[in-house]
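Trainee: Sequence first, then the predicted structure, then my questions.
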Amino acid sequence: QVQLVESGGGLVQAGGSLRLSCVASGRTFSSYNMGWFRQAPGKEREFVAAVSWTGSTTIYGNSVKGRFTISRDNAKNTVYLQMSSLKPEDTAVYYCAAGNSPFSAQFEQYGYWGQGTQVTVSS
C-alpha cells in the first residue's frame, strides 16, 4: 500500500514556475514507477510525466515537453514536478500516482493516487 500527498500547487502568472511535490508513505516507494496526471474542468485526465522506479527513465506528455521536469528522491520518498513557462492551459488539478510495471503513460497502470493539488495559471 502506498499513500500519496501532493503539495506545491497555487496561483501563478503565465510564464511563471511552480514545483509540485508528492510524498509517499511506506517503505516500498523506490519500487514504484511514479507519474503525474492532470485534469481540467470538463476535460479528461491527461498524462503529464512519469519517472521509472530507478529514476533512469522519464517520459512526458507532448503538451509539457521542454517545460516540465519530473524527478524523484527515493531517500525522501518524494517525486517532484518542476513546471516552467506555465500557460493558462496548464490550469488543472494535478495528481500524483504510483504504479508497477510496465512503465507507462497510461493511467490504468497506476493503482495508487493522491488527492490532487490545484494549479491555476492566470493570463
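Mentor: It's in. Small disclaimer: the values here were computed from a predicted structure and weren't measured.

Trainee: hey, let's count contacts and neighbours off CA atoms from now on
Mentor: Fine.

Trainee: Quick check: the residue positioned nearest the centre of the chain vs Val64, distance?
Mentor: Central residue of the chain (C-alpha atoms, centre = their mean): Trp36, 2.3 Å from the mean position. Distance, Trp36 to Val64, using C-alpha to C-alpha, to the nearest Å: 11 Å.

Trainee: shared neighbours of the two, which are they?
Mentor: Both Trp36 and Val64 are in contact with Val48, where contact means C-alpha atoms under 8 Å, 6 or more residues apart in numbering.

Trainee: now the strands for the protein?
Mentor: For the chain, applying DSSP state E gives strands covering 4-7, 10-13, 18-24, 33-39, 46-51, 58-60, 68-73, 78-83, 92-99, 110-113, 117-122.

Trainee: The shortest one - which strands sit beside it in the sheet, and in what orientation?
Mentor: Applying DSSP bridges, strand 58-60 is found paired with strand 46-51 (antiparallel).

Trainee: can you give me the mean pLDDT across stretch 68-78?
Mentor: For stretch 68-78, mean pLDDT is 96.

Trainee: now stretch 83-92
Mentor: The average pLDDT for stretch 83-92 rounds to 98.

Trainee: Go ahead and name everything in contact with the helix or strand of the chain with the lowest mean pLDDT.
Mentor: Ranking every helix and strand in the chain by mean pLDDT, DSSP states H and E puts strand 110-113 at the bottom, with a mean of 95. When contacts are defined by C-alpha under 8 Å, 6+ apart, strand 110-113 is touched by residues 2-4, 35, 95-100.

Trainee: cool, and stretch 63-73?
Mentor: Contact partners of stretch 63-73, identified using C-alpha under 8 Å, 6+ apart, comprise 48-51, 55, 58, 78-86.

Trainee: Pro102 against Gln109, yeah?
Mentor: Yes - judged on C-alpha atoms under 8 Å, Pro102 makes contact with Gln109 at a distance of 7.4 Å.

Trainee: Have a look at the two and say which one is more surrounded.
Mentor: Set Pro102 next to Gln109 and count neighbours by other C-alpha atoms under 10 Å: Gln109 wins out with 17 against 11.
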